[in-house]
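**Q** Just the structure for this:
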Amino acid sequence: MKVEQIYTGCLAEAAYYIESNGEAAIIDPLRETQPYIEKAEENGAKIKYVFLTHFHADFVSGHLDLAKKTGATIVYGPTAKTQYEIHEGKDGELFNIGDVKIELLHTPGHTMESSTFLLIDEKGNKNAIFSGDTLFLGDVGRPDLAIKSDLTKEDLAGYLFDSLRNKIMVLPDETIVYPGHGAGSACGKNMSKETVGKLGDQKKFNYALRADMTREEFVIEVLDGIQAPPQYFSKNAMMNKQGYQEFDQVLAKGNIGLDADTVEAMSKHEGALVLDVRSADDFAQGHVPGAMFIGLDGQFAPWVGALIEDINQPIVLVTPEGREEESITRLSRVGYDNTLGYLKGGMAGWKAANKDIADVNSVSAEEFAIAQGKSPSRVVDVRREGEYLSEHVIDAENLPLDYINDYVDQLNTGREFYLHCAGGYRSMIAASILKANGVSNFIDVAGGFAAIKNTEAKVSDYVCPSTL
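**A** Numbers count the residues shown, from 1 in each chain. Below you'll find the predicted structure:
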């Protein structure tokens, strides 16, 4: 028996490869299927099943393409209804993979079709659970994503309480927990940085699995502090339910080099968004006017999903050399399938065509501190509220990047202000959006708050939210 976790840091997502005696199964695959197919081929195994723990909202799964290419059966839990062929599993149903078995445990709560897959090894031991978004390490799945007219988040939380107590907590303490996500995912609020653990440890340390916890206490605690889901979640869930364009077609359409004149025409006359995925420093020093920055070397896909509201938005890429295919792939993971091509030769090609170049006014943290010491200016902190409350520049305003599209007008006042985040990545995203909306009266602080703390700038300690 072989079990392998395939973890993708950008999405904080875990897919799984299970193999026994020439047969294999994939659990919660990402959009691109070739890595799973190659893994099975290398081991001389045939992919028999593709198990989905639920209709994912934070990424588009590769189950359809994988089933088409391998002949594998797609398995969802009870109540899952799709517009393509699946096997709708039953609670307690067993699936054979070589010499091992997978038992479907219906664990509604995160969504109503949510299921946990129990791995029973060759000796009949309950070896591991693949818990999807039902149970994380340190947390449980948010129960507010599948609300319907007859189903509230409190109802879903109640279902989740029952699922955890009746299906998960009754398993042996030595059962390995393989969750669907780790720290950084928006599918929970308190996930551990670890991505594999033991159920016994979760029973001891996970707040949601306290033995003396009442149903009412669970509902209150699991819903406390949940932020609104990113706007793309419902769109990804719908794609996973209804189907989507084949990834190979998406890649072929987008992996085309475009000259500077074509990119300019697409941007000005065809509504294409120029998306620059290079580093924040490179973008600041020179970029296509009106381009949006979201760097590949950060939480690229989640920020794309949070900030580009039209999932069908035509996109033209500006990428580091050799990372064109990676960019298209990572966009497709969150359902942005309308990439039209990339700027051939990157910014060097743009400059060679004598096109206009924009930049971002940026200063070092030291320069910021000196300027603030002489004549304090407005400071805008685009980190999330919890980061801001922990520590921030005195008198800075907290306007999180997540909601920048709602507060652009607040910053278009003509009054100069400084802009920063934690390390420079998010503030450059904000800078690109502001500039695209005609706001240019700001100065970005390179290195963000991490650099500011090492200067003479005045920084506050923790502030209790009730005092704000």
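**Q** hang on, E216 in a strand?
**A** No - assessed with DSSP: H, G, I helix; E, B strand; the rest coil, E216 is helix; it does not lie in a strand.
**Q** quick one: the residue lying farthest from the centre of the chain from F368, how far?
**A** Distance from the C-alpha centroid of the chain, by Cα atoms, centre = their mean, peaks at K374 (41.1 Å). Look at K374 and F368: by Cβ to Cβ, to the nearest Å, they are 11 Å apart. From N, CA and C alone the C-beta is placed, and that goes for glycine too.
**Q** Please apply the same query to D381.
**A** 12 Å.
**Q** Quickly list what's touching both of these two.
**A** H420 (Cβ atoms under 8 Å, 6 or more residues apart in numbering).
**Q** Need the contact partners of the helix or strand containing I433.
**A** Assigned by DSSP states H and E, I433 falls within helix 425-436. Under the criterion Cβ under 8 Å, 6+ apart, residues 276, 280, 283-284, 287, 290-295, 298, 303, 307, 358, 360, 382-383, 401, 404-405, 408, 411, 419-421, 440, 442, 444-445, 448 lie in contact with helix 425-436.
**Q** Tell me the helix or strand right after that helix.
**A** In N-to-C order, the element after helix 425-436 by DSSP H and E is strand 442-445.
**Q** ok, F449 - how many residues close by?
**A** By the measure other Cβ atoms under 10 Å, the count of residues near F449 is 25.
**Q** Then it would be within a helix, right?
**A** Yes - assigned with three-state DSSP, F449 falls within a helix.
**Q** Just give the nearest non-adjacent residue to it, would you?
**A** In this structure, F449 finds its nearest non-sequential neighbour in A422, 5.3 Å apart by Cβ to Cβ, 6 or more residues apart in numbering.
**Q** Tell me if I'm right that that neighbour and G448 touch.
**A** Yes - A422 is in contact with G448 according to Cβ atoms under 8 Å; the separation is 4.9 Å.
**Q** These two - which one has more neighbours?
**A** G448 (24 against 18).
**Q** And the pLDDT at the more buried one?
**A** Reported pLDDT at G448 in the predicted model: 97.
**Q** do you know how far it is from E387?
**A** Using Cβ to Cβ, one gets 10 Å for the distance from G448 to E387.
**Q** What of S131?
**A** S131 is 28 Å from E387, where distance means Cβ to Cβ.
**Q** Of the two, which one has the most company?
**A** For S131 versus E387, neighbours defined as other Cβ under 10 Å are more numerous around S131 (30 against 16).
**Q** ok, the more buried one - contacts?
**A** Counting by Cβ under 8 Å, 6+ apart, S131 touches T53, T107, T116, I168, V177, Y178, P179, G180.
**Q** Checking my notes, it in a strand, right?
**A** Yes - membership of S131 in a strand is supported by three-state DSSP.
**Q** ok, and the closest non-adjacent residue to it?
**A** Sequence neighbours aside, T116 is the residue nearest to S131 in space, at 4.9 Å (criterion: Cβ to Cβ, 6+ apart).
**Q** Go through the strand or helix carrying that neighbour and flag the buried ones.
**A** Assigned by DSSP H and E, T116 belongs to strand 115-120. Using 16 or more other Cβ atoms under 10 Å as the test for burial, strand 115-120 gives S115, T116, F117, L118, L119.
**Q** Could you spell out the sheet neighbours of that strand, each with its direction?
**A** strand 100-106 (antiparallel), strand 126-132 (antiparallel) (DSSP bridges).
**Q** which residues are contacting it?
**A** Applying Cβ under 8 Å, 6+ apart, the contact partners of strand 115-120 are 3, 18, 27, 51, 53-54, 76-78, 89, 94, 100-107, 126-132, 134-135, 167-168, 171.
**Q** again, but for stretch 148-156
**A** Outside stretch 148-156, the residues that touch it by Cβ under 8 Å, 6+ apart are P108, G109, H110, T111, M112, P143, D144, A146, I147, V219, L223.
**Q** Secondary structure, distance to I433 and neighbour count for those - can I get that in CSV?
**A** Listed next are the contacts of stretch 148-156 as CSV, based on DSSP: H, G, I helix; E, B strand; the rest coil; distance: Cβ to Cβ, whole Å; neighbours: other Cβ atoms under 10 Å:
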residue, secondary structure, distance to I433, neighbour count
P108, coil, 38, 24
G109, coil, 36, 26
H110, coil, 31, 31
T111, coil, 32, 27
M112, coil, 36, 19
P143, coil, 32, 28
D144, coil, 27, 18
A146, coil, 30, 23
I147, coil, 29, 13
V219, helix, 37, 19
L223, helix, 31, 16
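**Q** Would you mind stating the distance between E122 and S20?
**A** From E122 across to S20, the span is 8 Å (Cβ to Cβ).
**Q** same check, this time on Y84
**A** For Y84 relative to S20 (Cβ to Cβ), the value is 27 Å.
**Q** got it, and D261?
**A** Using Cβ to Cβ, one obtains 56 Å as the distance from D261 to S20.
**Q** just I311 next, same as before
**A** According to Cβ to Cβ, I311 and S20 sit 38 Å apart.
**Q** and if you look at D395?
**A** Distance of D395 to S20, given as Cβ to Cβ: 61 Å.
**Q** who's more crowded, those two?
**A** S20 (20 against 12).
**Q** quick one: strands adjacent to the host helix or strand of Y418?
**A** Assigned by DSSP H and E, Y418 belongs to strand 417-420. Applying DSSP bridges, strand 417-420 is found paired with strand 378-381 (parallel), strand 442-445 (parallel).
**Q** Of the strands paired with strand 115-120, which stretch is the most buried?
**A** strand 126-132 (a mean of 24; mean count of other Cβ atoms under 10 Å).
**Q** State the next helix or strand along the chain beyond that strand.
**A** Immediately after strand 126-132, counting by DSSP H and E, sits helix 153-163.
**Q** Please name the residues that touch the nearest residue to G9 once chain neighbours are set aside.
**A** Spatial nearest neighbour of G9, chain neighbours left out: G184 (7.7 Å); criterion: Cβ to Cβ, 6+ apart. The contact partners of G184, taken as Cβ under 8 Å, 6+ apart, are G9, A12, M191, Q299.
**Q** With respect to K241, which of the residues you listed is nearest?
**A** K241 lies nearest to A12 out of those, by Cβ to Cβ, at 22.2 Å.
**Q** Roughly how far does the closest one sit from I37?
**A** For A12, the distance to I37 - Cβ to Cβ - is 24 Å.
**Q** where in the stretch 151-300 of the chain is pLDDT low?
**A** Filtered on pLDDT under 70, the stretch 151-300 of the chain yields no residues whatsoever.
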